[in-house]
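S.K.: Build me a model from this:
(one chain, ligands or ions: 1)
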Amino acid sequence: MQSNVAVIVGSLRQAGYSRLMARAIARLAPPSMRLVDVPIGDLPLYNEDLETATPPAAWTGFREAIAGCEAVLFVTPEYNRSMPGAMKNALDVGSRPWGKSVWSGKPAAVVSVSPGALGGMASNLHLRQVLYAVNLVTMPHPEAYIAAAGSLFDEGGQLASAATREFLTGFLQAFETWIRRQRPALAGFGD
Ligand SMILES: Cc1cc2nc3c(=O)[nH]c(=O)nc-3n(C[C@H](O)[C@H](O)[C@H](O)COP(=O)(O)O)c2cc1C
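M.R.: Sure thing, here's the model as predicted:
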């Protein structure tokens with residue numbers, strides 16, 4: 001059975017390392033996973049005043065896109081030792097209206113990416129804290145802190161590092177297993 005996996009990229013810039021990494025991950029994904037890019041750059045900042053019978057169309061489109069996926073993969077840079085604000089906003093938008101969160105119970109995984117030496121570890125761990133709050137069932141291991149991102153891609157934006165490709169292939173296999181393990185629980189979810 002194929003799973004639709006929403007991919008949320010925390011960087012809004014076109015040439016971002018996180019975006020390149022998300023594309024590389026999509027190329028490495030097993031046939032059982034269909035990775036669906038769900039953009040977050042046009043989501044208005046979360047504001048409860050806008051949570052009316054007609055919320056912003058971008059919020060509705062985003063919520064529908066996530067609801068249509070069985071799992072979520074977050075690929076995030078690190079901004080000031082946390083996730084970018086756009087990523088947190090997307091999580092807030094998906095978590096409301098109260099009782100209708102699109103996140104709850106879905107399997108998730110996190111990849112952090114940085115040109116620095118720590119691979120966005122603080123961002124990754126901060127993000128995980130929020131994923132617990134919205135009840136995304138986040139894969140604990142393997143952890144993916146991708147460091148020195150500036151040296152991993154060739155001029156065409158392809159992932160040139162064989163070691164990173166190998167690591168990500170194993171990461172995706174583990175995520176596939178994680179999604180499959182959650183499926184029996186999901187089958188009864190919302191019944
Ligand atoms: C506002 C801001 C804060 C940043 N803070 C961090 C940080 O805490 N840790 C880090 O490793 N890199 C930090 N960086 C550098 C980013 O890792 C770098 O700009 C990276 O290329 C952004 O990800 P992207 O290429 O996917 O857009 C920061 C960049 C910006 C713009």
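S.K.: all helices for the protein, in order.
M.R.: 17-28, 57-67, 85-94, 121-133, 162-187 (DSSP state H).
S.K.: With mean pLDDT added, can I get those helices in TSV?
M.R.: Shown next, in TSV, are the helices of the chain (pLDDT from 0 to 100):
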stretch	mean pLDDT
helix 17-28	98
helix 57-67	98
helix 85-94	98
helix 121-133	98
helix 162-187	91
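S.K.: Residue 144 contacts residue 121, doesn't it?
M.R.: No - the criterion here is Cβ atoms under 8 Å, and residue 144 misses it with residue 121 at 10.2 Å. Quick note: C-beta positions are derived from backbone N, CA and C, even for glycine.
S.K.: okay, and the common contacts of these two?
M.R.: residue 112 (Cβ atoms under 8 Å, 6 or more residues apart in numbering).
S.K.: These two: which is more packed in?
M.R.: Remark: of residue 144 and residue 121, residue 144 carries more neighbours, 25 against 17, as counted by other Cβ atoms under 10 Å.
S.K.: Show me what that one is bridged to.
M.R.: residue 111 (DSSP bridges).
S.K.: how about it, what does it touch?
M.R.: 109, 110, 111, 112, 119, 124, 167, 168, 171.
S.K.: ok, now with 10 Å
M.R.: Going by Cβ atoms under 10 Å, 6 or more residues apart in numbering, residue 144 touches 21, 25, 73, 75, 109-113, 119-120, 124, 164, 167-168, 170-171, 174-175.
S.K.: Any of those residues buried? List them.
M.R.: When the contacts of residue 144 are checked for burial by 16 or more other Cβ atoms under 10 Å, the buried set is 21, 25, 73, 75, 109-113, 119-120, 124, 164, 168, 171, 174-175.
S.K.: centroid residue for this structure?
M.R.: residue 74 (1.6 Å; Cα atoms, centre = their mean).
S.K.: filter the buried ones among the contacts of residue 144 down to the ones close to the ligand.
M.R.: Residues of these in contact with the ligand (Cβ under 6 Å from any ligand atom): 113, 120.
S.K.: quick one, phi psi at the residue nearest to residue 150 when sequence neighbours are not counted?
M.R.: Among residues not flanking residue 150 along the chain, residue 115 sits closest, at 4.3 Å (Cβ to Cβ, 6 or more residues apart in numbering). For residue 115, the backbone dihedrals (degrees, to the nearest 10) come out as phi -70, psi -10.
S.K.: again with the one 5 residues further on
M.R.: Geometry field for residue 120 lists phi and psi as phi 70, psi 30, criterion degrees, to the nearest 10.
S.K.: hang on, it packs against residue 147?
M.R.: Yes - counting by Cβ atoms under 10 Å, residue 147 is a contact partner of residue 120 at 8.0 Å.
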